[in-house]
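Novice: need coordinates for the below:
(2 chains)
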Protein chains: 2
Amino acid sequence: MKKIKVGLMGLGTVGGGVWDVLRMNRDEIIRNCGYEIKIEKILVKEGFKPKVSGVSKDKLTHNFDDIVENDEIEIVIELIGGIEPAREYILRAIKAGKHVVTANKALLAQHGVELSKAAYEAGVRLSYEASVAGGVPIINPLKESLGANKIKKIMGILNGTTNYILTKMTNENVDFHTVLKEAQDMGYAEADPTADVEGFDAAHKLTILSTLAFGTPVKFKDVHREGITKINPLDIEYARELGYVIKLLGIAKEIDGELELRVHPTFIPKNHPLAAVNDSFNAVFVKGNAVGDLMFYGRGAGDLPTASAVISDVMDIIKKRSLKPNLKNGFSYEPTKKAKPMGEIVNEYYIRFMVKDIPGVLGKIATLFGEYNVSLSSVIQKGRSERGVPLVFITHEARESDIQKALQEVNSIDEVIEIGNIIRVENGQERGEQ
Amino acid sequence: MKKIKVGLMGLGTVGGGVWDVLRMNRDEIIRNCGYEIKIEKILVKEGFKPKVSGVSKDKLTHNFDDIVENDEIEIVIELIGGIEPAREYILRAIKAGKHVVTANKALLAQHGVELSKAAYEAGVRLSYEASVAGGVPIINPLKESLGANKIKKIMGILNGTTNYILTKMTNENVDFHTVLKEAQDMGYAEADPTADVEGFDAAHKLTILSTLAFGTPVKFKDVHREGITKINPLDIEYARELGYVIKLLGIAKEIDGELELRVHPTFIPKNHPLAAVNDSFNAVFVKGNAVGDLMFYGRGAGDLPTASAVISDVMDIIKKRSLKPNLKNGFSYEPTKKAKPMGEIVNEYYIRFMVKDIPGVLGKIATLFGEYNVSLSSVIQKGRSERGVPLVFITHEARESDIQKALQEVNSIDEVIEIGNIIRVENGQERGEQ
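Specialist: As a prediction, this is how the structure comes out:
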């Protein structure tokens, strides 16, 4: 059997998964790519003890030189995460003429263009299917299967931890902090949950997806980002009453040659395919101008699902390595489209207030909104609490900057106790869309 | 700009879509594959008038020789459908050293191995992403992205017409024939709807998918096939009451090295991702032993979505045509797994009876089922009509042959007026699954 030798950096959850899947599915892998994939060396920290079985000691090294200087190793898999030394090691592997597979979304979101350029110039491949939505094939379908489309929109549930938390909040009517604590105790959420709950992880992934989809280098800092920490059980209840579900979405749209790039909690209609994506599942919804609406759904994390994506990249490299890489590994280097400032986006909005129980408040607020060209499509006012009367609006389409200005003024009205929350609403079709 | 010349067979709905998308998305196509795709000749029937604009008369021909003997044409797209002359033309194109792209599911389901062998031996590619689920990328993900998996199960909503009919029946509580008539009037269903409503179309697609997924040539005749004509509004009502939705599914499973291959109406839990696939949308649910559950969702038909898949195949060929085709174009030639006879499958079942309103009937039937190792998990008996009392069972897992034998005996019980319907239930996890 012909063999391809691979260097593996990192033997944690995903690295261990790669090791296990290569053994478990050896026959399928050989059948589908014609080669046996052999892990020749594994870079681990000093004192590291493998959790997977069958790893002989002489495969382990603490020195990256043992991988990069080994001429028999044709492909390097990077699974150590973080920016440095992952970036340096990948660049060294590329310069040594090795193809690279990585699952490192933070690195790609910030240095993807640099790495991709280096790989293109060295004539090697840089593959990263596992960096977005774990086991779900989305990077390669975007690059290959949808190549005959102008991509108009991407909406993704890109983070499993926050989707798990929102699903629990929705089904069991508990608050954010309670569910987060539970998720941490069960190991579903990190001790420091910031990257997940504040939307950084989703924004990294959206940066990668939109770079591919729109053929222009997208900057991570251009992605507007809001997390789920302010979502209140009340918001979930109102969403249900109004026919919506709240999801943390990564949204990217091309409108008139400009890009909207944002990660935030979103109201989506309860019959939208993304509304049925629950627990820690991920899904990416894509609209192409020829293919129409597509959705890709599956496990966004986990040892074996992510390993499935990593190994599919290795197999793809094996099959294509005699071809000169084209298409710059999916990254475009010259900016052709600019990001739209957040104030200029047009959206529908859900706004929840607490107001004093005095006649005329609703009219006062609605009139003020009208002055900023914000009109209302639904209003809910019912019940009262000690603190006041809850008042909920869904607006028609309005400019974000108008909404913000109106809210600033509303906030100074005496009868308004507080602005509870503002959540953007995605209703499917939008202006300029076919 | 470098050009690749293509011969197109057929300028109907999909052919017209290919023509339009090549013009509409010319820039994206060039960016993603490095070439302009130029349609050099189009084979049409005598007297045919193009419905798309911009087709100059000198491109049209009634003679396939004008395509197959034109040495400048490197790729042939077959969109004429049917078995002959499509099969003959494809074989001639292959022998002339041309790559072939086809959307012809009936042809591939019945002659896929022959065509694929011919292409492999001639050193050309045979691509067929558009043959299953229209614009949804599923063929290439199965061949490429999921190559490191043992595929355990495929469940697909593979026919848009029947999904449209079942969605309407479910949402509007109308019977099959009324909805079919409406669908025909609106052009959503053919005048002769047999291929759709009797499940032939779905069975063709399942044959192709399972051949790829399980690495063994699957015979169309080995796919058990039932259509949706017997689905009664009563069944849909009971499904809802029991927490299910009825879908026409193509189901393929590998269990202990044998294949279950079947197309039939199926009860699926209402929170299963496939349950939310409505109207004419298609979706393919795949379970891999590493990646877990995946779903691919989108438009299963239509001019532009199907053209998106056809052109992605052309682009893929352009990028890889200097590589010798490997993997036999996805088809395996030697049978390694056999199809399980339908009587041996194990399933849960929904069974609806009409019985006489006499005490003891339920016990009599349940006892008889028990004698055939069929036990019940739910029973609904309520209301009565002039004709008798409706009685509904959901069974625990049972062998199909036992169910059939039990039903034969039940049918001869005096108190049983009729067996209204039998529908298989898919509850997610199954024996032997991780």
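Novice: where exactly do the strands run in the stretch 251-400 of chain A?
Specialist: All strands of the stretch 251-400 of chain A, identified by DSSP state E, counting those that start in this stretch, fall at A:258-269, A:281-288, A:292-299, A:338-339, A:346-355, A:376-381, A:389-395, A:398-399.
Novice: between the ones you listed, which one is nearest to residue B:231?
Specialist: strand A:292-299 (26.1 Å; CB to CB). No exception for glycine: its C-beta is placed from N, CA and C like everyone else's.
Novice: now the angle from that closest one to strand A:281-288?
Specialist: On the basis of axes from the mean of the first three to the mean of the last three CA atoms, to 10 degrees, strand A:292-299 is oriented at 160 degrees to strand A:281-288.
Novice: what comes into contact with strand A:292-299?
Specialist: By CB atoms under 8 Å, 6 or more residues apart in numbering or on different chains, the residues outside strand A:292-299 that reach it are A:133-138, A:141, A:146, A:160, A:273-274, A:277, A:280-288, A:305, B:135-137, B:273, B:281, B:291-299, B:302, B:304-305.
Novice: of all the strands of the stretch 251-400 of chain A, which lies closest to residue B:332?
Specialist: Taking CB to CB, strand A:292-299 is the member of the strands of the stretch 251-400 of chain A nearest to residue B:332, at 25.3 Å.
Novice: sheet-wise, list the partners of the closest one with their directions.
Specialist: Sheet pairing of strand A:292-299 (DSSP bridges) gives strand A:281-288 (antiparallel), strand B:292-299 (antiparallel).
Novice: thinking residue A:36 is in contact with residue A:26, fair?
Specialist: Yes. Counting by CB atoms under 8 Å, residue A:26 is a contact partner of residue A:36 at 6.9 Å.
Novice: for residue A:132, which non-adjacent residue is spatially closest?
Specialist: Leaving aside its sequence neighbours, residue A:132 sits nearest to residue A:205 (CB to CB, 6 or more residues apart in numbering or on different chains; 4.5 Å).
Novice: flag every residue of the stretch 51-200 of chain A that's near chain B.
Specialist: A:129, A:135-137, A:140-141, A:143-150 (CB under 8 Å from any CB of the partner chain).
Novice: would you turn those into JSON lines with neighbour count and pLDDT?
Specialist: Below are those laid out as JSON lines (neighbours: other CB atoms under 10 Å in any protein chain shown; pLDDT from 0 to 100):
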{"residue": "A:129", "neighbour count": "28", "pLDDT": "97"}
{"residue": "A:135", "neighbour count": "32", "pLDDT": "95"}
{"residue": "A:136", "neighbour count": "31", "pLDDT": "97"}
{"residue": "A:137", "neighbour count": "28", "pLDDT": "97"}
{"residue": "A:140", "neighbour count": "23", "pLDDT": "94"}
{"residue": "A:141", "neighbour count": "25", "pLDDT": "94"}
{"residue": "A:143", "neighbour count": "17", "pLDDT": "90"}
{"residue": "A:144", "neighbour count": "25", "pLDDT": "91"}
{"residue": "A:145", "neighbour count": "30", "pLDDT": "93"}
{"residue": "A:146", "neighbour count": "26", "pLDDT": "95"}
{"residue": "A:147", "neighbour count": "23", "pLDDT": "93"}
{"residue": "A:148", "neighbour count": "31", "pLDDT": "96"}
{"residue": "A:149", "neighbour count": "29", "pLDDT": "96"}
{"residue": "A:150", "neighbour count": "17", "pLDDT": "96"}
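Novice: identify the farthest-apart pair in these.
Specialist: Checking those with CB to CB, the most distant pair is A:135 and A:150, at 27.5 Å.
Novice: quick one: residue A:51 and residue A:15 touch, right?
Specialist: No. Between residue A:51 and residue A:15 there is no contact under CB under 8 Å: 9.7 Å.
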